[in-house]
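In: here is my input, please return the structure:
(4 chains)
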There are 2 protein chains.
Amino acid sequence: MEKIIYIADDEINIRNLVKAFLEKEGFCVHAFATGDLLFDAFKNAPCDLVILDVMMPGNSGFIICTKLREISAVPIIMLTAKDTEDDYVSGLALGSDDYFTKPFSPMKLTMRVKAMFRRAAMDAQNNNAPKTAQADEIIFEDIKIMPNMLTAYAQDKMLNLTKTEFKLLAYMIENQGKAIARQELLNTIWGYDSIVETRATDDTVKRLRRKLSEAGSKLSIDTVWGFGFKLGVKKEGV
Amino acid sequence: MEKIIYIADDEINIRNLVKAFLEKEGFCVHAFATGDLLFDAFKNAPCDLVILDVMMPGNSGFIICTKLREISAVPIIMLTAKDTEDDYVSGLALGSDDYFTKPFSPMKLTMRVKAMFRRAAMDAQNNNAPKTAQADEIIFEDIKIMPNMLTAYAQDKMLNLTKTEFKLLAYMIENQGKAIARQELLNTIWGYDSIVETRATDDTVKRLRRKLSEAGSKLSIDTVWGFGFKLGVKKEGV
DNA sequence: ATGGTTTGCTTCAAAGTTGCCACAATTCTT
DNA sequence: AAGAATTGTGGCAACTTTGAAGCAAACCAT
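Out: Modelled structure (predicted):
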């Protein structure tokens, strides 16, 4: 089944470039000059994935993203020239699923798109967990995560997590029980194009473990030797 | 399979530096003084990745990039001294996949190169076997195997298997019933070019048997004398 | 700018894995 | 039944992977 992708960007070069790359991969791509045009088209005929530039004449990508989220759970990738963490957070908080900073590599965008479809397909298979991305709270054992606010509680005590730690914990809880490979964490948290050493994951896990333990959480991050990590529960001490 | 990398840069120091670093990582590197030379070589013998300096005598890296893109989808990394947004965007618009600004760390370039190959490999894997390899669970008797997660259960108790043990058990279960020769296991699990003794399989089987029995599994690994092993089921004791 | 945080890297020690060995137990051959 | 070949067992050492502490560069909010 051919996947349909809508893209909105006011720069025609970017538009054509992305369109060309994605079409070469067999996707059906419709390009729009503004977010509003895209939104109108979406109302008539929803697509499988949306790529939105943030800076556009008329309503910005953020606004379109919010409007889309009101009517659909379609995956959204945001493009932006700005590289600030603020934008990153607000973009994710508004419900976009991924984020690209211009200038970006068309091939990487293509790979990310394919990865998202793969993931969506996998989620569909184990339909038990329909991750509508924006649950207000995710709870696992004595941990409560509030994705919108980048906040996490353990035993009702607030954990003071950094962004990296939060993303890692959130990802592991979404995949609770599963063992997760270091490389998968790198790809997901640090991005497919990251150049950090694999051991960077150990650092974040180390800091997460300390914070969890200081908060007295029963949650433990177990090592799967030669592979990665897995969530577990500490035994009730004696 | 050794990856072949072409690099074009008019500065011999850069050329040699990058060449040395990449060769140390096991890549086969051919260096060219101009982009045109590289392009000619590529027409005769394509390579797996191209690194192009932008500023070169003769045709610039941008032009070479465009010409390469007309005949191939080979990954291209651009190097440039200029750090302007214009250059970046036009480089990408011409189809390069990544971008490095001089001065750059050879180590980071190397890591990026490795990441690109890793991604390409993953992509190929996922495309070739979109469904077959993605079985979430394989079940045999009281054993449940979850291939993606290096996790296996016996009687709903988790088995703590190492990578080697896991691969061996998974392979035997995939071929359930069949007797498997030691040499076949060696080739499959340890690889054709492995130098381990045949008896290494016995070691892993030994450890697997212990873990299975400790978990109380009914699964047994039976010896086929003078040949290899075969999965079986223990009798209901008593 | 600037002062505090975050974060990835380095180094070293600790822990886990794995192939090999010697020898005992088993099976096959004669 | 004796001898030869093959397999099971426990131990072990080399190797790999992981954890911890410290550090410096990058990052971020003032």
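In: show me the domain layout of chain A.
Out: Using automatic domain parsing, the domain parsing of chain A gives A:4-125, A:138-233.
In: and those as TSV, adding mean pLDDT, mean neighbour count and distance to residue B:54?
Out: Where you see a C-beta, it was placed from the backbone N, CA and C, and this is true even at glycine. Putting the domains of chain A into TSV (pLDDT from 0 to 100; neighbours: other CB atoms under 10 Å in any protein chain shown; distance: least, CB to CB, whole Å) gives the following:
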stretch	mean pLDDT	mean neighbour count	distance to residue B:54
domain A:4-125	79	18	14
domain A:138-233	89	17	20
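In: okay, the ones you listed in JSON lines with distance to residue B:31 next?
Out: Converted to JSON lines, the domains of chain A look like this (distance: least, CB to CB, whole Å):
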{"stretch": "domain A:4-125", "distance to residue B:31": "24"}
{"stretch": "domain A:138-233", "distance to residue B:31": "22"}
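In: is it possible to export those to CSV including distance to chain B?
Out: Converted to CSV, the domains of chain A look like this (distance: least, CB to the nearest CB, whole Å):
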stretch, distance to chain B
domain A:4-125, 4
domain A:138-233, 4
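In: out of these, which gets nearest to DNA strand C?
Out: Of all these, domain A:138-233 sits nearest to DNA strand C, with 2.9 Å by CB to the nearest atom of the strand.
In: next helix or strand past the helix ranked longest in chain A?
Out: For chain A, the helix that runs over the most residues, judged by DSSP state H, is helix A:106-125. Next along the chain after helix A:106-125, taking DSSP states H and E as the criterion, comes strand A:138-140.
In: next SSE downstream of that next one?
Out: Counting by DSSP H and E, the next helix or strand C-terminal to strand A:138-140 is strand A:143-146.
In: run through who's touching that following strand.
Out: Applying CB atoms under 8 Å, 6 or more residues apart in numbering or on different chains, the contact partners of strand A:143-146 are A:136-139, A:151-154, A:156, A:166, A:169-170, A:173, A:212, A:217, A:219.
In: between those residues, which is nearest DNA strand D?
Out: residue A:212 (11.6 Å).
In: next, the residue lying closest to residue A:157 once chain neighbours are set aside: phi, psi?
Out: Spatial nearest neighbour of residue A:157, chain neighbours left out: residue A:215 (5.1 Å); criterion: CB to CB, 6 or more residues apart in numbering or on different chains. When quoted as degrees, to the nearest 10, the phi and psi of residue A:215 stand at phi -80, psi 0.
In: for residue A:215, list the residues it contacts.
Out: Contacts for residue A:215 (CB under 8 Å, 6+ apart) come out as A:154, A:155, A:157, A:159.
In: and if we set it to 10 Å?
Out: For residue A:215, the contacting residues are A:142, A:143, A:152, A:153, A:154, A:155, A:156, A:157, A:158, A:159, A:160, by CB atoms under 10 Å, 6 or more residues apart in numbering or on different chains.
In: stretch A:150-166 and DNA strand D in contact?
Out: No - using CB under 7 Å from any atom of the strand, stretch A:150-166 stays clear of DNA strand D, with a minimum separation of 8.0 Å.
In: straight-line length of that stretch, end to end?
Out: Using CA to CA, to the nearest Å, the end-to-end distance of stretch A:150-166 comes out at 7 Å.
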